[in-house]
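> When you get a sec, could you give me coordinates for this:
(one chain, ligands or ions: 1)
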Amino acid sequence: MTPAVQTRPEPLGTAEAPPRIFVHAFGCQMNAHEGERLLGLARDLGYQEALAPEEADLILLHTCAVRDHAVQRILGEVGRLAAVKRSRPGTKIGLTGCVAQAEGAALLERARPLDFVVGTRAVGRLPQILRRVAAGERVVDVGEGAYLEVAAPVRGGPVCAYVTAVEGCDKFCTFCIVPYTRGREYSRPAARILEEVAGLARQGYREVTLLGQTVNAYGRKGAGRGEGEVSFAELLRRVAAVEGIARVRFLTSHPSHLGDDVIAAMAEVPEVCEHLAMPLQSGSDRVLAAMRRGYTVAEYRDRVERLRRAVSGVALRSDFIVGFPGEEAADFERTLEVVRELRFAAIYAFKYSPRPHTKALALGDPVPEAVKAERLERLLALQRSIAAEEAQALVGSRQEVLVEEAGEGWCEGRSRTNRRIRVAAEAAPGSLLSVRVTGVERGRLVAAETTP
Ligand code: SF4
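Here you go, the predicted model:
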């Protein structure tokens, strides 16, 4: 990826009737934040946010390629939106994100209501593309481009904000489409990240989550890897030092980059929360090798042990894929064993399905669907029982809650370990409360306020 650019285009709208945009972001937190950045860019262009597609002059679907049948889902969505176009002539529909990048011109051919398709690295050219679309052209741009610096993303809530640290991925795990759709790993300059965080703090945000597919690879050197001039551990320390920021989180970590310096930052810096999202993917070394994850179960376990020794009470989230080509019953049993042993606070688990462009595509999809479904259910059932026990074990404990929502007689937020907690007390969003957990209701912790 080439160095970042700052885009400050001329507004397209008029003061009397500013055009309106509706952005629907599918998929993970990174994509949700991309949606916020696209809204920020659109606002710079003179657009106002519409709350429903029926009210919009421009509908942007920010797509995700990770889930199964991604193309069919998006085409179905475009088909539904065709009715909006018919009832509101002049409305334009565009696709951005991973499916747009992977499929390009084929999408315009398959979906007549679509006006444009813009890939992940071409969004910096969106202002020019929108002008061409306004002139009646149907446009495809999935070419290369710089990381787009957006002056002010339009964020969802007033307390917690996402901030991109690393874009793209260099790992090329054999099942994953991300390196092909989002491009190579690129670290944003630390100065830009810190500037963005300082701006958020001035607006009253209390928590930032640094984002990247492999966020803890931040600052690695190499051709095109960007301008991350400090290590990830140092970045954490600098972000935590920004006046007004009470909490720092980061998503998602790769086990290969969980060095002792990152663990030390988590242990020593009070603002860095005791929570780590670090996918294991399988409990079998054979399967991990076929996935080209770059570590063994023993190496993953070693990192977890070092982390748990240094950071008391740390909560771990992991991801798993079941039914990867060649996964035998014994491999899956090893996954269950490691989940029993490491006791994650939460897991995300998925059935394997082949993705275009990936190396694993050549392996076919030999594990029958029914076997995958059965393995997924067993894994999720095991995790449900572990999560229930872990939640019960917290009853009586004291936790710090950062309030995100509040109503009459209640407020709700998350603990430092990322658990949602509902508190029987009134407090304004942004407040930090000391609470005592009094019970578990439908999987969610409930608590009463205590004096700190
Ligand atoms: S580390 Fe692997 S799974 Fe994660 S985004 Fe990169 S290629 Fe995909």
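> Spell out which residues of the stretch 51-200 of the chain are next to the ligand.
Within the stretch 51-200 of the chain, the positions near the ligand by CB under 6 Å from any ligand atom are 169, 171-173, 176, 178-179. C-beta coordinates here come from the backbone N, C-alpha and C atoms, glycine included.
> Check residue 47 and give its pLDDT.
pLDDT for residue 47: 93.
> Report the buried residues of the longest helix along the chain.
Scanning the chain for the longest helix, with DSSP state H as the assignment, gives helix 369-393. For helix 369-393, a neighbour-count test (16 or more other CB atoms under 10 Å) marks 371-372, 375-376, 379, 382-383, 386-387, 390-391 as buried.
> which helices and strands sit right next to that helix?
When contacts are defined as 3 or more CB pairs under 8 Å, 6 or more residues apart in numbering; DSSP states H and E, helix 369-393 packs onto strand 315-322, helix 329-342, strand 346-351, strand 432-441.
> what does it contact?
Outside helix 369-393, the residues that touch it by CB atoms under 8 Å, 6 or more residues apart in numbering are 320, 322-323, 332, 335-336, 339-340, 343-347, 349-352, 419, 440, 443, 445.
> Verify the stated contact: residue 67 with residue 73.
Yes. Proximity of residue 67 to residue 73 meets the contact threshold set by CB atoms under 8 Å, at 7.3 Å.
> what do these two both touch?
Contacts common to residue 67 and residue 73, judged by CB under 8 Å, 6+ apart, are residue 26.
> Helices of the protein, residue ranges please.
Going by DSSP H, the chain shows helices at 29-44, 70-87, 98-103, 105-110, 126-134, 178-181, 190-202, 232-240, 260-268, 285-291, 297-310, 329-342, 369-393.
> residue ranges with poor pLDDT in the chain?
1-16, 222-228, 452 (pLDDT under 70).
> could you dump the buried residues of helix 369-393 to TSV with distance to residue 264?
Below are those laid out as TSV (distance: CB to CB, whole Å):
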residue	distance to residue 264
371	43
372	40
375	37
376	37
379	33
382	32
383	30
386	28
387	29
390	26
391	29
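> ok, residue 445 - contacts?
Here residue 445 is in contact with 391, 394, 399, 415, 419-422, 437, 439 (CB under 8 Å, 6+ apart).
> do that again at 10 Å, thanks
Residue 445 sits next to 391-392, 394-395, 397, 399, 401, 414-415, 419-423, 435, 437-439 when contact means CB atoms under 10 Å, 6 or more residues apart in numbering.
> just residue 64 next, same as before
25-28, 30-32, 34, 70, 73-74, 97-99, 177, 181.
> do that again at 6 Å, thanks
26-27, 31, 98 (CB atoms under 6 Å, 6 or more residues apart in numbering).
> Pull out the buried residues from those residues.
26-27, 31, 98.
> out of these, which one sits closest to residue 81?
Of all the buried ones among the contacts of residue 64, residue 81 sits closest to residue 26, with 13.6 Å by CB to CB.
> one step back: which of the residues of the stretch 51-200 of the chain next to the ligand are buried? Put it as a PyMOL command.
Listed next is the PyMOL selection for buried residues among those, using 16+ other CB under 10 Å:
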select buried, resi 169+171+173+176+178+179
